[in-house]
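**Student:** this one's sequence-less:
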């Protein structure tokens, strides 16, 4: 879940300050209870243990009053994402600005849906391996409290199995393609020195294998291109669905007219 959904930042302007050691012990009790319940900590004090600085100041009749009335409280588990915490003086108010900077690392989210590579069904080795894998999953059915939880786990396992199998064979095909290219160059060099029928047959066989691998890669690239084109074709539908959702939220009616306004 996104960090903003979890971080509970409480900007508190309490008068008087709600700390037991300070004034107002009766008002401090509710705050201390909330701090304990939600594991909240006073960020500025933790980041500035040896510094004395205040967020509010007032001078009246030669008497200067200072206090930290404006505060940030944050859950203690998120202290590691707080990169800076400062109190910045203001010339237009008796309250200073309390600045809190949170560093949220960028996380690359994967696709919401997984697309099964249907070409794996033509691979007999994959079919046999998946059969063994599926029988092992069936034996684990009794270890789950209900069938739904077992099926949720199975879907994750199947996805991981297919992706790992596909990644392995992609690397294998790339290595085989490089090896075939080197062997073809070697055979062509030998043919220049001595033309043998056996070498010609072996060269033709290697070229056929290389052509098959290239055709397989081309089919995969074509399928990926078609999927991307389908996403582009669906752009208009996404726009109208988004417009409908936005209109529903704002409780408005949108109508479309021709250029004649009819």
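**Tutor:** That came in fine, so what should we check first? Just so we're clear, the structure is a prediction, and the values are computed from it rather than from any experiment. Numbers count the residues shown, from 1 in each chain.
**Student:** What's the first helix or strand after the helix or strand harbouring residue 30?
**Tutor:** Using DSSP states H and E, residue 30 sits in helix 25-38. On the C-terminal side of helix 25-38, the nearest following helix or strand under DSSP H and E is strand 40-42.
**Student:** For the helix holding residue 30, which residues meet the burial criterion?
**Tutor:** For helix 25-38, a neighbour-count test (16 or more other Cβ atoms under 10 Å) marks 28, 31, 35 as buried. Heads up, the C-betas are built off the backbone N, CA and C, glycines and all.
**Student:** TSV please, covering the residues you listed and showing distance to residue 83 and pLDDT.
**Tutor:** Formatted as TSV, these follow (distance: Cβ to Cβ, whole Å; pLDDT from 0 to 100):
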residue	distance to residue 83	pLDDT
28	29	74
31	26	77
35	23	82
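**Student:** Among those residues, which one sits closest to residue 81?
**Tutor:** residue 35 (19.1 Å; Cβ to Cβ).
**Student:** I'd like to know how many residues surround the nearest residue in space to that closest one that is not next to it in sequence.
**Tutor:** Nearest residue to residue 35 in three dimensions, chain neighbours excluded: residue 73, at 6.8 Å (Cβ to Cβ, 6 or more residues apart in numbering). Using other Cβ atoms under 10 Å, residue 73 has 19 other residues around it.
**Student:** list the helices and strands the longest helix seen in the chain packs on?
**Tutor:** Once the chain is assigned using DSSP state H, the helix that runs over the most residues is helix 147-193. Packing partners of helix 147-193 (3 or more Cβ pairs under 8 Å, 6 or more residues apart in numbering; DSSP states H and E): helix 124-139, helix 197-233.
**Student:** wait, doesn't residue 101 sit right on residue 82?
**Tutor:** Yes - using Cβ atoms under 8 Å, residue 101 is in contact with residue 82, at 7.2 Å.
**Student:** ok, the two, which is more surrounded?
**Tutor:** A count of neighbours by other Cβ under 10 Å puts residue 82 above the other of residue 101 and residue 82, at 19 against 10.
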